[in-house]
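Visitor: Turn this into a model:
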Amino acid sequence: QVQVIESGGGLVQAGDSLRLSCAASGRTLVLYTMGWFRQAPGKEREFVASISWSGDKKNYADSVKGRFTISRVNAWNTVYLQMNSVKPEDTAVYYCAAERGDEGLRIGAIDYWGQGTQVTVSS
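Guide: Now for the predicted structure:
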């Protein structure tokens, strides 16, 4: 059984940096696109960033472009989200996700979800 576990969340100030990690265990997620969604209180879960198995396809939400960087190390079955210049509106629970294939991440087609990690940005 695959488990996806996030880490790295916390409380930071606006303008700070934070790195989220997501490690999958149970099997190697070969040919899976991995990435991140987030959900703020009272709002729907939204896409943040994704990266293909080969790493050559990366997609970002407009709200994080230029500030967040996604990367992965397949040998470690791990994906990272480097968050720079964070803003209070980045406050949310961040969820790691994995979907088999190379079509990006579609919220209705996710194969594996993590349990989420809280990121809180104070102004």
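
Visitor: Nearest residue to the middle of this protein?
Guide: Among the residues of the chain, Trp36 comes closest to the average C-alpha position under Cα atoms, centre = their mean, at 2.4 Å.

Visitor: Give me the nearest residue to that residue, chain neighbours excluded.
Guide: Leaving aside its chain neighbours, Trp36 sits nearest to Val48 (4.2 Å; criterion: Cβ to Cβ, 6 or more residues apart in numbering). For every residue, glycine as well, the C-beta is placed using N, CA and C.

Visitor: How far off centre is the helix or strand harbouring the one you found?
Guide: In the assignment (DSSP states H and E), Val48 maps to strand 46-51. Computed by Cα atoms, centre = their mean, to the nearest Å, the chain-centroid distance of strand 46-51 equals 6 Å.

Visitor: Can you list the strands that it pairs with?
Guide: Pairing partners of strand 46-51, with direction, according to DSSP bridges: strand 32-39 (antiparallel), strand 58-60 (antiparallel).

Visitor: contacts for it?
Guide: Defining contact as Cβ atoms under 8 Å, 6 or more residues apart in numbering, one finds that strand 46-51 is touched by 33-39, 57-61, 64, 68, 70-72, 79, 81, 94, 104-105, 107.

Visitor: Could you rerun that using 7 Å?
Guide: Strand 46-51 is contacted by residues 33-38, 58-61, 64, 68, 70-72, 79, 81, 104-105, 107 when judged by Cβ atoms under 7 Å, 6 or more residues apart in numbering.

Visitor: Nice, that's everything, thank you.
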